[in-house]
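Undergrad: when you get a sec, could you give me coordinates for this:
(chains A and B)
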Amino acid sequence: MNESEAFRPEARQPRGFRDRFAGEVAREREMIAALSALAERYGFAPLATPALEYADALGKFLPDEDRPNEGVFAFQDDDEAWLSLRYDHTAPLARLVAQGEAPPARPLRRYAAGPVWRNEKPGPGRFREFLQFDVDTVGSEAMAADAELIAFLAEGLEAVGVPQDGFVVNLSHRKLVAGIMDAAGIPAGEDAAIRAQRLRVLRSIDKLDRLGIEGVRLLLGPGRRDESGDVTPGAGLKDSQIASIEASLGATVAFDAGGELGRTPAGREALADLEEIRLALAALGIGAERVRVTPSVVRGIEYYTGPVFEAELTHEIRGPDGAPMRFGSVASGGRYDDLVMRFTGERVPATGASVGVSRLISALTKAGEAAGAEGPVLVLAMDRAMTADYLAMVAELRGAGIPAELYLGRAGMKAQLKYADRRGSPVAVIQGGDERAKGEVTLKDLKLGAEMARSIEDNRAWREGRPAQETAARGTLVASVRAILARQREGRAP
RNA sequence: GCCGCCUUAGCUCAGUCGGUUAGAGCGCCAGAUUGUGGAUCUGGAGGUCCCCCGUUCGAUCCGGGGAGGCGGUACCA
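TA: Here you go, the predicted structure:
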């Protein structure tokens, strides 16, 4: 192989990993700032954990099985120990509490924000690296703790710009679903076959929102064929059992304590918990219309032991091609009383919730919310010999708190103005030989100019008219730029 | 993972019933306009037709395999 055939890597990203530009990064920061402020008002304190954990600390998933990277990203450290990137903020918290490292006050109330990673197939609003904002209460059995988290999600979604009627929190309880299965006469027990059967039923129920009651019926019974012709095997239940489950799922009236759901011990326990939550939410000022009991909410994460909930946006989101897109829940949580016990054998009740910041931004952006970032004031490089003067100008502007930069490329004036346009610069500062001789600078109001350009057809007239441009004494640079910026802000808020 | 569809210029996509110079629109660069953004006009750059193997005188096109993208489905501790 000669040198011209040297290896060249392909410039590309792993699937599910994204580059984010100014507008989106700004949105992320805003969202995390708003949620942090709210969390602190609720009495949660920040507590951050690292991105990497020992794999066995993260869950029952042991990476030295056949598929070490199933679900998580894992690799071996130089001492052969398996490390995993965290897939949420909750499991690392349980580890930290079990270690005895957490602040001693119980209940412990904390929040955390940051990226988490999941090794799974990406989709719309579903990434392999994404930001989560997490709140937890560790050491409390009170249903009021769960209710507070639901209230936090509801208030948090509003705080980041989702209208009150733009989302709904679906609330369920692990024991509620257990009760539904008990009522349908599906055997319970530790036997592997029995557990597998229960799991199949559980997963079928979970798909109600996506596949509808018809789809669930097929999955509970003989199985279902999808659009592409692929077949999913069913749970093979009897018609009477399917009917019983259907009746329970139908009882989604808000906090309804009657009907099928109250017939089993597990169901009654769940309903008592949910009733406590209902009362707490009312006291916290969260209207019943924003939270509804939805028994089909199961949630995948196995560590949940009690109430589980997820918030979904209610407005249909359409992609660029007009086709509706499914984003799934934008925030979720639940109670995980046994998570710390995995380490210590001691039961520590805990409950937590998190907001999917990346997914939320993705959904809101696709719903039509645009994000445009304003660029810095641009000082044109008219004459390379004057670089020091130009740098002095940007330093003055920066010193006054105005974002500013000197054009550092090699292009001519015309191209520099085009650059300013593309950066979204509000003002261009020009000082060539003419201006310098007179001790002046020329300031172009690029926002105003762009507006005026719309009504001017002829380029010559446009250029000779030199619209939206003024001359200022060099000494008044900062004040003059500030005046233009102020004018622009007023113009934008009519 | 399984199933289906797709992959041609920076982007969106035509096209070649297998034939030597592969196109459009948008974008980009330049000029008209020696120091002025937009519009207009003129010109220009830009392609391993996803990759490998096979069939063929000849493959971007046909066959096989692979990769990547999209969607469905499964899984999601």
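Undergrad: tell me the mean pLDDT over stretch A:471-484?
TA: Model confidence over stretch A:471-484, given as mean pLDDT, is 96.
Undergrad: span of that stretch from start to end?
TA: 12 Å (CA to CA, to the nearest Å).
Undergrad: list the buried residues of that stretch.
TA: Neighbour counts over stretch A:471-484 (16 or more other CB atoms under 10 Å) mark A:472, A:474, A:477, A:478, A:480, A:481, A:482, A:484 as buried. C-betas here are computed from N, CA, C, even on glycine.
Undergrad: quick one: name the residues of the stretch 101-250 of chain A near RNA strand B.
TA: A:118, A:120-124, A:200, A:203, A:207, A:210-211, A:219, A:224, A:226-230, A:232 (CB under 7 Å from any atom of the strand).
Undergrad: that older thread, could you dump the buried residues of stretch A:471-484 into JSON lines with distance to RNA strand B added?
TA: Converted to JSON lines, the buried residues of stretch A:471-484 look like this (distance: CB to the nearest atom of the strand, whole Å):
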{"residue": "A:472", "distance to RNA strand B": "12"}
{"residue": "A:474", "distance to RNA strand B": "13"}
{"residue": "A:477", "distance to RNA strand B": "14"}
{"residue": "A:478", "distance to RNA strand B": "19"}
{"residue": "A:480", "distance to RNA strand B": "15"}
{"residue": "A:481", "distance to RNA strand B": "14"}
{"residue": "A:482", "distance to RNA strand B": "18"}
{"residue": "A:484", "distance to RNA strand B": "11"}
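Undergrad: show me the shaky parts of the stretch 201-350 of chain A.
TA: A:251-260, A:316-326 (pLDDT under 70).
Undergrad: neighbours of the residue of the stretch 101-250 of chain A found nearest RNA strand B, just the number please.
TA: The stretch 101-250 of chain A approaches RNA strand B most closely through residue A:228 (3.0 Å), counting by CB to the nearest atom of the strand. Residue neighbour count, defined by other CB atoms under 10 Å, stands at 5 for residue A:228.
Undergrad: surely it is in a strand?
TA: No - checked against DSSP: H, G, I helix; E, B strand; the rest coil, residue A:228 lies outside a strand; its state is coil.
Undergrad: center of chain A - which residue?
TA: The residue lying closest to the centre of chain A (CA atoms, centre = their mean) is residue A:357, at 1.7 Å.
Undergrad: was I right about that one contacting residue A:132?
TA: Yes - the criterion here is CB atoms under 8 Å, and residue A:357 meets it with residue A:132 at 6.4 Å.
Undergrad: overlap of the contact sets of the two?
TA: residue A:113 (CB atoms under 8 Å, 6 or more residues apart in numbering).
Undergrad: near RNA strand B, which residues of the stretch 351-494 of chain A? Just list them.
TA: So far as CB under 7 Å from any atom of the strand goes, the stretch 351-494 of chain A lies against RNA strand B at A:382, A:411-415, A:417-418, A:420-421, A:430, A:432-435, A:442, A:444-450, A:453-454, A:456-460, A:462-463, A:466-469.
Undergrad: and if we set it to 6 Å?
TA: Within the stretch 351-494 of chain A, the positions adjacent to RNA strand B are A:411-415, A:417-418, A:421, A:430, A:432-435, A:442, A:444, A:446, A:449-450, A:453, A:456-457, A:459, A:462-463, A:466, A:468-469 by CB under 6 Å from any atom of the strand.
Undergrad: now those residues: which count as buried?
TA: So, by 16+ other CB under 10 Å, the buried ones in these are A:417, A:430, A:435, A:442, A:444, A:446, A:449, A:468.
Undergrad: ranges for the strands of the stretch 351-494 of chain A?
TA: A:377-379, A:404-406, A:427-430, A:440-445, A:469-473 (DSSP state E, counting those that start in this stretch).
Undergrad: rewinding a little: tell me the phi and psi of the nearest residue to the residue nearest to the centre of chain A once chain neighbours are set aside?
TA: Distances taken as CB to CB, 6 or more residues apart in numbering place residue A:131 nearest to residue A:357, at 3.9 Å, with adjacent residues excluded. Main-chain torsions, residue A:131, degrees, to the nearest 10: phi -90, psi 130.
Undergrad: per-residue pLDDT, residue A:131?
TA: pLDDT, residue A:131: 93.
Undergrad: okay, now it: neighbour count?
TA: By other CB under 10 Å, the residues close to residue A:131 number 21.
Undergrad: ditto for the one 5 residues further on
TA: Burial of residue A:136, expressed as a neighbour count using other CB under 10 Å, amounts to 26.
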